[in-house]
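[1] have a look at this prediction, sequence included:
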Amino acid sequence: MSWELHRVVIVGGGMMGRSLATKVAQEGINVYLKEVSTESVAVAKSELDQSLEHEIARFGLTNAEKKAIMSRITWVTHYDCATDCDLALEAVQEDFGLKRQILRELDRRMPAENPIVITTSTLSITELATQNTHPERIVGMHFLYPVTTTRVVEVVRGQLTTDQVYERAVEFARLLGKIPIKVFEMPGFVTTRAVLPLVNEAIHIVMEGVAEAAEVDLALKMGFDFNTGPLEWADRTGLDRVLNWMQHLYRESSEPRHRPCPLLKRLVRAGLYGAKTRRGFFEYDENRHRTDRLPDDRPRMA
Amino acid sequence: MKILVLNSGSSSVKFQIIETDLERMNAHQDLTLAVGQVEKIGLSDSRLVLEVPERKPFQDYREILEHRTAIEWVLRILTDPEHGIIDSVDEIGAVGHRVVHGGEAFASSVLMTPDVVEQIEECSVLAPLHNPANLRGYYAAHAAMPDVPHVAVFDTAFHQTMPPHAFLYGIPFQLYRKHHLRKYGFHGTSHRFVAFRGCQILVWEREEKRLITIHLGNGCSLAAVDHSRSIDTSMGFTPLEGLIMGTRSGDMDPAIIPWLMAMEELTLHQVNTMLNKHSGLYGVSGVSSDMRELLEARASGNQRADVAFRMFCYRLKKYIAAYAAAMNGVDAVFFTGGIGERSAEVREFALSGLEFMGIEVDPERNQSVTDGEGEITTDASRVRVLVVPTNEEKTIARDVIRVLNGVMPEFTPPETIT
């Protein structure tokens, strides 16, 4: 590799940040994972531990590999570590103000040629970068969850992103064993833009009473060989996040087809966010397993 | 001649310097001058270890990002006035490379010409984790030592003499044609060395004998060596087939895999790791993949450790009898590898009850052989059973000498079916 990558800082120890840190550490790269406080570090750390244990129980990981991953992740609560990082990734929720503030903190500390990656699916990276001294080193990467297993990542070129920075982001994607899909910044890029209207349409079908949620999901899942139906996918992603993305998409495009379905808004207002609150379109236990699968939706041979 | 033997993995390079030639080989007097490795290639804290007989082990740390700098580092340390063992790189007369997969192209060790290297590249599809790493080591070593001969020694080559009725699977023939899906077998270098050395100890002509060589280490396999040709071996298309191993399942009903993938909704990756890293002695016992720890747990009454141990020995016993049948009899059985060389319990259990086919273990002899060569059967035993420590690096060094002197035995694979 023309460019050497030893240390990466990831800002945000949420679901995405942890998944990303796991993947980077699995490739043998040292990671600083930044959270806001020692309390939030403790929470994130125990959640990471749980998800790795879960993967061990699913045979995807061994105890030794888990240990190696944990040893490559250093948890921090400040940005000072960014000064000796070759690459930074921001992985906080889809909040323009918050992301912009993180960019400023990173931009101030990191050598000017080192890329800063924004992981967004709907926000404009060009707009996010405007207040930075070096907006040209800002690049977007839209990882799909879980980062450890999904095969693709959208690498997003902003208006000001330099070729060199963009190529490094592509190289980084390859280093993580992912297929980079090169995209120019437009809300939703390819994956989110195509999947959200599908999810939204499925919700409309439920709202109109055409079919029960479970059957809508089953029809799409079995009919098109999806791993999960779109409604369960939305539940697992978090209905609040799905609504947030839809709203961004709608705001940017003003297309009626991007208008969030009222049923989605109703569920979010009621605090039914999906798997993480144990109720959304479907019901889940504390381990995020669905408890209300239809008999036809159980695993079976052929 | 001083030979550099290299075993390159994706993030490590193991090396040895071995002094050998035709005379030393025949007298079993090859000298290992240095043993070492570079670990964690690609990271900032790579480590080099060098062990020279009668010296304190030497260690060094630095950032090594790829194989080329790793090999340069090795050569620099080997020629270091204080820690090294040679004055100049020119003293190295040839390099031997371990290559995992030679496919159907290589039945013996070969000089690495550009054509040969290209053919090894083509075999990468059969061993995507290993061959590319082996080749990275070759390219690096060739860049540093372009004027000396480089020889490739394959894990699969020795088993290329298997006949089609042994190497084909009972699946549609066009899959063999299309993907070269067949049994290849591994540990070939070890099986060949042990067959050779065992007969040397017994002062036998190995061309006349029927041997079973058993390699029990991290991976486990055995081979039926009939008149010095491997005619069957327990590992298959990959090293997953055959015996139960530390963390690998070995033989099982293949229908379990799609069934599990459906019922547990496992991904390809998960089912693969399940079979390779979560199974075997470790998976059954829940205790350890290490035979010593398993035996300790068994001794203290752990039932699952006991059943894992029994499964291991039982599977091995069945294979021993099967391979005796494959050769219409057996003259000697040779044990090797960490478990084969050190675990008297495993040998005793796996051979118990085989008196009907002429194997009579002498319990005291068996107990006494835990380090080095030795015989474990009674004087009256029709089949002789020996422990023969393996030495794959030495075999690689010897093959370099054989290839350079044009005395590499040519094993002709049987005619293939088209």
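    Happy to help now that I have it.

[2] A:Ala88: neighbour count?
    As a burial measure, A:Ala88 scores 29 neighbours (other Cβ atoms under 10 Å in any protein chain shown). In this view, the C-beta of every residue, glycine as well, is placed from N, C-alpha and C.

[3] tell me the secondary structure at it.
    strand (DSSP: H, G, I helix; E, B strand; the rest coil).

[4] what residues are up against it?
    Shown in contact with A:Ala88 (Cβ atoms under 8 Å, 6 or more residues apart in numbering or on different chains): A:Val8, A:Val9, A:Ile10, A:Val11, A:Ala82, A:Leu106, A:Met110, A:Asn114, A:Pro115, A:Ile116, A:Val117.

[5] the residue of the stretch 201-350 of chain B found nearest chain A and B:Phe186: what is the separation?
    The minimum distance from the stretch 201-350 of chain B to chain A, using Cβ to the nearest Cβ, falls at B:Met274 (3.5 Å). For B:Met274, the distance to B:Phe186 (Cβ to Cβ, to the nearest Å) stands at 21 Å.

[6] ranges for the strands of chain B?
    Counting by DSSP state E, one finds strands in chain B at the ranges B:2-8, B:13-19, B:31-39, B:43-51, B:58-64, B:92-99, B:110-111, B:150-154, B:210-216, B:220-226, B:229-233, B:332-336, B:374-375, B:384-387.

[7] A:Leu176: which of the contacts of A:Ala88 is nearest?
    A:Val8 (10.5 Å; Cβ to Cβ).

[8] near the closest one, how many other residues are there?
    23.

[9] mind checking the SS state of it?
    With three-state DSSP as the criterion, A:Val8 reads strand.

[10] before we move on, back to that, against A:Asn287, how distant is the residue of the stretch 201-350 of chain B closest to chain A?
    Counting by Cβ to Cβ, the gap from B:Met274 to A:Asn287 is 20 Å.

[11] over to A:Lys221?
    Counting by Cβ to Cβ, the gap from A:Lys221 to A:Asn287 is 21 Å.

[12] next: B:Ser289.
    B:Ser289 is 28 Å from A:Asn287, by Cβ to Cβ.

[13] which of these two has more neighbours?
    Taking other Cβ under 10 Å, B:Ser289 and A:Asn287 do not tie; B:Ser289 has more neighbours (21 against 8).

[14] backbone dihedrals for the residue of the stretch 51-200 of chain A found nearest chain B, please?
    Distances between the stretch 51-200 of chain A and chain B by Cβ to the nearest Cβ are smallest at A:Phe59, namely 3.5 Å. When read as degrees, to the nearest 10, the backbone of A:Phe59 gives phi 70, psi 10.

[15] I figured it hits B:Gln270, correct?
    Yes: counting by Cβ atoms under 8 Å, A:Phe59 does reach B:Gln270; the two are 4.9 Å apart.

[16] neighbour count winner among these two?
    Higher neighbour count among A:Phe59 and B:Gln270: A:Phe59, with 23 against 20, using other Cβ under 10 Å.

[17] neighbours of the residue lying closest to B:Glu91 once chain neighbours are set aside, how many?
    Leaving out its chain neighbours, the residue that sits closest to B:Glu91 by Cβ to Cβ, 6 or more residues apart in numbering or on different chains is B:Lys2, at 5.4 Å. By the criterion of other Cβ under 10 Å, B:Lys2 has 18 neighbours.

[18] what about B:Lys2, distance to B:Ile171?
    47 Å.

[19] now swap in A:Glu232 and tell me
    36 Å.

[20] quick one: which of these two has more around it?
    Applying other Cβ under 10 Å to A:Glu232 and B:Ile171 shows that A:Glu232 carries more neighbours, namely 26 against 11.

[21] and the helix or strand encompassing that one, what does it pack against?
    Taking DSSP states H and E as the definition, A:Glu232 sits inside helix A:230-237. Here helix A:230-237 touches helix A:191-207, helix A:213-224, going by 3 or more Cβ pairs under 8 Å, 6 or more residues apart in numbering or on different chains; DSSP states H and E.

[22] list of residues touching the shortest one?
    Under the contact criterion Cβ under 8 Å, 6+ apart, helix A:213-224 has outside partners A:202, A:205-206, A:210-211, A:226-232, A:281-282, A:292-294, A:296-297.

[23] surely A:Arg241 touches A:Glu94?
    Yes: in this structure A:Arg241 lies within contact range of A:Glu94 using Cβ under 8 Å: 7.0 Å.

[24] who has more neighbours out of those two?
    Using other Cβ under 10 Å as the criterion, A:Arg241 and A:Glu94 rank with A:Arg241 on top: 19 against 16.

[25] could you dump the helix or strand encompassing that one to CSV, C-alpha only?
    Here A:Arg241 sits within helix A:239-253, counting by DSSP H and E. In CSV, the C-alpha atoms belonging to helix A:239-253 read as follows (Å, rounded to 0.1, in the frame of the first residue of the first chain):
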residue,chain,number,x,y,z
LEU,A,239,-37.7,3.1,13.1
ASP,A,240,-36.6,6.4,14.5
ARG,A,241,-33.5,6.3,12.3
VAL,A,242,-35.5,5.2,9.3
LEU,A,243,-37.9,8.1,9.8
ASN,A,244,-34.9,10.5,10.3
TRP,A,245,-33.4,9.3,6.9
MET,A,246,-36.7,9.5,5.1
GLN,A,247,-37.2,13.1,6.4
HIS,A,248,-33.7,14.1,5.1
LEU,A,249,-34.3,12.4,1.8
TYR,A,250,-37.7,14.1,1.5
ARG,A,251,-36.3,17.5,2.5
GLU,A,252,-33.5,17.3,-0.1
SER,A,253,-35.5,15.9,-3.0
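
[26] burial count for the residue of the stretch 1-150 of chain B found nearest chain A?
    In the stretch 1-150 of chain B, no residue comes nearer to chain A than B:Ser44, which is 5.1 Å away by Cβ to the nearest Cβ. Neighbour count of B:Ser44, defined by other Cβ under 10 Å: 16.

[27] now it, nearest residue through space, not along the chain?
    Nearest non-adjacent residue to B:Ser44, counting by Cβ to Cβ, 6+ apart: B:Glu63, 4.4 Å away.

[28] thought B:Asp45 was touching that neighbour, still the case?
    Yes: counting by Cβ under 8 Å, B:Asp45 is a contact partner of B:Glu63 at 7.4 Å.

[29] so what's the residue nearest to B:Phe312 when sequence neighbours are not counted up against?
    In this structure, B:Phe312 finds its nearest non-sequential neighbour in B:Ile244, 4.9 Å apart by Cβ to Cβ, 6+ apart. Applying Cβ under 8 Å, 6+ apart, one finds that B:Ile244 lies in contact with B:Cys220, B:Gly250, B:Gly280, B:Leu281, B:Val284, B:Ala308, B:Met311, B:Phe312, B:Arg315.

[30] make TSV from those and add neighbour count to it.
    TSV is the format used below for the contacts of B:Ile244 (neighbours: other Cβ atoms under 10 Å in any protein chain shown):
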residue	neighbour count
B:Cys220	28
B:Gly250	25
B:Gly280	25
B:Leu281	26
B:Val284	19
B:Ala308	26
B:Met311	17
B:Phe312	28
B:Arg315	18
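
[31] spell out which residues of the stretch 1-150 of chain B are next to chain A.
    B:Ser11, B:Lys40, B:Gly42, B:Leu43, B:Ser44, B:Leu65 (Cβ under 8 Å from any Cβ of the partner chain).
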